[in-house]
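Undergrad: My questions are about this predicted structure, shown below with the sequence.
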Amino acid sequence: MREKRQRLLDLLAIGRVSNLPTVWSNVLTGFLVARCFHEAPEDLTREIGLIALLLGSTSCAYLFGTFLNDWKDASFDEQYRPERAIPSGRWSRRAIGSIALVLSILATACLIPLSLSSAIVPLLGTALLISIVCYTVLHKKTPTAIIPMGLCRGLLYPLGFFSAASSSPGLVQSIQPLPIIILIGVGSLVYVAGLTLAARYESGPAGGTIPRLTLRLLLFACLLTHNWWWISGKSGDLGGTSAFLSALPALAVFVLWTARSLSILRKSVPEFVSRSLAGICLVDLLAFPGITIMLQASNASIISCPTLLPCLPLSCMVLSLVLQRVAPAT
């Protein structure tokens with residue numbers, strides 16, 4: 001019984017399941033940006049099915065990446081992380097590779113229904129899987145691997161956006177929302193690239209010291225990219241309060257959490273990376289004052305009380321932190 005429990009915990013650890021809520025937060029943020037510009041279809045069942053397929057596909061793609069990573073790093077882990085599942089002998093390299101293959105097939109299968117009404121969705125899904133493979137191949141060889149890792153996150157937003165747009169043909173032809181979703185994707189890409197840069201020093205022979213100034217610039221760049229309502233020109237009011245003032249709570253939460261994480265970096269790189277991975281949801285939170293304002297302005301019927309929407313990324317963050325007690329984030 002103890003051995004079976006350990007093997008199950010190994011799978012949860014290999015899958016880094018504590019990071020799955022951050023994936024959901026990214027995808028749903030992109031989805032909601034689309035709904036800012038076009039109301040949800042009247043068929044609620046179709047909308048729920050769309051979200052379920054989207055979350056299923058991106059979750060499988062994420063898990064594909066984590067299992068593929070452990071499969072690829074088996075030799076490295078034998079030397080530097082012998083306690084992990086493959087070098088310890090609790091799971092064979094072949095079994096982990098087979099699970100990775102199945103997950104890639106499931107990720108693709110979930111995207112097929114979304115692809116029927118939008119040619120952009122399969123392109124983005126393919127780009128996501130290619131980015132995962134590129135990172136897996138490069139991450140132990142060169143620091144530039146932080147770019148495909150960042151792409152793995154940055155692509156989740158347009159994937160969520162265009163999946164929502166697949167049920168709104170007029171939205172696909174509109175260029176108005178594109179700068180917004182591109183900026184949000186770039187901001188997340190840069191943030192995750194910073195985390196990946198720090199994670200290179202977590203174990204193994206990387207050596208040297210973390211370039212802290214570069215890391216700070218990468219982590220805080222999203223303060224600009226995610227405040228996209230200034231660029232959209234739809235600042236509006238939220239409950240009689242200016243858009244900027246309505247954004248201050250999200251800004252404060254993100255800055256305080258990230259600053260606290262950076263202070264922990266001096267003592268423990270793994271703990272910094274784990275906290276900052278959960279903080280990906282706070283990166284999304286930065287966009288939610290703008291999302292809320294625009295949904296109110298468009299009278300979209302996606303939710304009866306749009307001001308509750310910021311609870312979505314916050315809930316994902318809490319869930320991520322809870323799951324970290326079961327399976328490590330890195």
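TA: Sure thing, it's come through. Numbering: from 1, shown residues only.
Undergrad: Name the nearest residue to Ile280, sequence neighbours excluded.
TA: Nearest non-adjacent residue to Ile280, counting by Cβ to Cβ, 6 or more residues apart in numbering: Thr22, 4.2 Å away. All C-beta atoms are positioned from the backbone trio N, CA, C, and that covers glycine.
Undergrad: Tell me who's in contact with that neighbour.
TA: Applying Cβ atoms under 8 Å, 6 or more residues apart in numbering to Thr22 gives the contacts 277-278, 280-281, 316-317, 320.
Undergrad: Give me the next element, helix or strand, following the helix or strand hosting it.
TA: Taking DSSP states H and E as the definition, one finds Thr22 inside helix 20-37. Downstream of helix 20-37, the first helix or strand assigned by DSSP H and E is helix 44-72.
Undergrad: Identify, from the contacts of Thr22, the entry nearest to Thr330.
TA: Leu277 (7.3 Å; Cβ to Cβ).
Undergrad: Name the secondary structure element that contains that closest one.
TA: Under the criterion of DSSP H and E, Leu277 resides in helix 269-278.
Undergrad: thinking again about what came up before, and the angle from the helix holding Thr22 to helix 269-278?
TA: 30 degrees (axes from the mean of the first three to the mean of the last three Cα atoms, to 10 degrees).
Undergrad: Report the distance from helix 20-37 to the chain centre.
TA: Here helix 20-37 is found 9 Å from its chain centre; the criterion is Cα atoms, centre = their mean, to the nearest Å.
Undergrad: dump the residue contacts of Leu159.
TA: Shown in contact with Leu159 (Cβ under 8 Å, 6+ apart): 27, 30, 54, 58, 121, 124-125, 128.
Undergrad: Let me know the average pLDDT across stretch 178-193.
TA: Across stretch 178-193, the average pLDDT comes to 89.
Undergrad: what does that stretch rub up against?
TA: Stretch 178-193 has contacts (Cβ under 8 Å, 6+ apart) with 26, 29-30, 33-34, 146-147, 149-158, 161, 218-219, 221-222, 224-226, 228, 231-232, 280, 283-284, 287.
Undergrad: Please check those residues and keep the buried ones.
TA: Among the contacts of stretch 178-193, the ones that count as buried by 16 or more other Cβ atoms under 10 Å are 26, 29-30, 33-34, 146-147, 149-158, 161, 218-219, 221-222, 225-226, 228, 232, 280, 283-284, 287.
Undergrad: ok so, going back, quick one: the residue nearest to Ile280 from Gly187, how far?
TA: As judged by Cβ to Cβ, to the nearest Å, Thr22 and Gly187 stand 14 Å apart.
Undergrad: Could you do Leu213 as well?
TA: Taken as Cβ to Cβ, the span from Leu213 to Gly187 is 19 Å.
Undergrad: For these two, indicate the residue with more neighbours.
TA: Ranked by neighbour count (other Cβ atoms under 10 Å), Leu213 and Gly187 place Gly187 first, with 26 against 8.
Undergrad: ok, and the closest non-adjacent residue to that one?
TA: Thr225 (3.0 Å).
Undergrad: residues in contact with the one you found?
TA: Shown in contact with Thr225 (Cβ under 8 Å, 6+ apart): 183-184, 186-187, 190.
Undergrad: and if you look at Thr108?
TA: By Cβ under 8 Å, 6+ apart, Thr108 lies in contact with 57, 125, 129.
Undergrad: Of the residues you listed, which is the nearest to Arg81?
TA: Using Cβ to Cβ, Leu129 comes nearest to Arg81 of those, at 25.5 Å.
Undergrad: quick one: the closest one is in a helix?
TA: Yes. Counting by DSSP: H, G, I helix; E, B strand; the rest coil, Leu129 falls inside a helix.
Undergrad: dump the residue contacts of Leu195.
TA: Leu195 neighbours (Cβ under 8 Å, 6+ apart): 219, 273, 276-277.
Undergrad: where do the helices sit along the stretch 201-330 of the chain?
TA: For the stretch 201-330 of the chain, applying DSSP state H, counting those that start in this stretch gives helices covering 212-220, 222-225, 229-232, 243-265, 269-278, 280-285, 288-298, 311-323.
Undergrad: okay, those helices in a markdown table with distance to Gly89 next?
TA: Converted to a markdown table, the helices of the stretch 201-330 of the chain look like this (distance: least, Cβ to Cβ, whole Å):
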| stretch | distance to Gly89 |
| --- | --- |
| helix 212-220 | 36 |
| helix 222-225 | 42 |
| helix 229-232 | 53 |
| helix 243-265 | 33 |
| helix 269-278 | 24 |
| helix 280-285 | 33 |
| helix 288-298 | 46 |
| helix 311-323 | 26 |
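Undergrad: quick one: which of the ones you listed is nearest Ala109?
TA: Between the helices of the stretch 201-330 of the chain, helix 311-323 lies closest to Ala109; by Cβ to Cβ that is 24.6 Å.
Undergrad: Without its sequence neighbours, what residue ends up closest to Phe31?
TA: Gly160 (4.1 Å).
Undergrad: scratch that, Cys222 is what I was asking about
TA: Leaving aside its sequence neighbours, Cys222 sits nearest to Gly187 (Cβ to Cβ, 6+ apart; 3.7 Å).
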